[in-house]
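Q: turn this into a model:
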Amino acid sequence: MLALALVLACTTDLAPAPDRARIEAELRGLVAILERGGEYDCCTEKPCLHCGLRTGGCACGEGIREGEPVCEECALGWAKGLGAEPGVDPGKVCSFLEADRVIRSVQQDGEPCRECGEAVMRQAEALRR
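A: Predicted structure coming up:
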């Protein structure tokens, strides 16, 4: 049922507000189930929906603790001051998309587009050699 609702929401210009609210509530329910099962380790105050929808689990919390990129929704949360992992510099949090851009810019002998997570920068430095 959730999949059908998501398909319908994505195939129309905009789902009516009640449908969007119901879909978000269903996704939040899915995230709660995944959290209880140990399959959702998000890094923001309000767990993202991106990973639940796209991958059926979230490893952004584990990744960010290692200095790795996070999903786009989590990166936006950090940019808005909603990060939930102590000791993480919000200015160094980047999304997978940003990390890909950094790596591609380095592969093309350019400079990274912006400061990013340290793990990504280590990968970029290794590509320069």
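Q: show me where the protein has its helices.
A: Secondary structure of the chain (DSSP state H): helices located at 2-11, 17-36, 50-54, 60-65, 72-79, 96-107, 118-128.
Q: contacts for the shortest one, please.
A: With CB atoms under 8 Å, 6 or more residues apart in numbering as the test, helix 50-54 has contacts from 6, 27, 30-31, 34, 40, 42, 57-60, 71-74. Quick note: C-beta positions are derived from backbone N, CA and C, even for glycine.
Q: show me how to select, in ChimeraX, the buried members of those.
A: Remark: buried members of the contacts of helix 50-54, expressed as a ChimeraX selection using 16 or more other CB atoms under 10 Å:
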select :27,30,31,34,40,42,58,59,60,71,72,73,74
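Q: give the buried residues for stretch 21-31.
A: By neighbour count with 16+ other CB under 10 Å, stretch 21-31 contains the buried residues 23, 27, 30, 31.
Q: got the CA coordinates for that stretch in PDB?
A: The C-alpha coordinates for stretch 21-31 follow below in PDB (Å, rounded to 0.1, in the frame of the first residue of the first chain):
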ATOM      1  CA  ALA A  21       0.800  13.900   5.300                       C
ATOM      2  CA  ARG A  22      -0.400  10.300   5.200                       C
ATOM      3  CA  ILE A  23       2.600   9.200   3.100                       C
ATOM      4  CA  GLU A  24       5.000  10.900   5.500                       C
ATOM      5  CA  ALA A  25       3.300   9.300   8.500                       C
ATOM      6  CA  GLU A  26       3.600   5.900   6.800                       C
ATOM      7  CA  LEU A  27       7.300   6.500   6.100                       C
ATOM      8  CA  ARG A  28       7.900   7.700   9.700                       C
ATOM      9  CA  GLY A  29       6.200   4.400  10.800                       C
ATOM     10  CA  LEU A  30       8.600   2.400   8.600                       C
ATOM     11  CA  VAL A  31      11.600   4.300  10.000                       C
END
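Q: figure out how far that stretch is from the centre of its chain.
A: Stretch 21-31 sits 17 Å away from the centroid of its parent chain (CA atoms, centre = their mean, to the nearest Å).
Q: now that stretch: average pLDDT?
A: Average pLDDT, stretch 21-31: 94.
Q: can I get the buried residues of stretch 21-31 in JSON lines including distance to residue 47?
A: Shown next, in JSON lines, are those (distance: CB to CB, whole Å):
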{"residue": "23", "distance to residue 47": "16"}
{"residue": "27", "distance to residue 47": "10"}
{"residue": "30", "distance to residue 47": "10"}
{"residue": "31", "distance to residue 47": "5"}
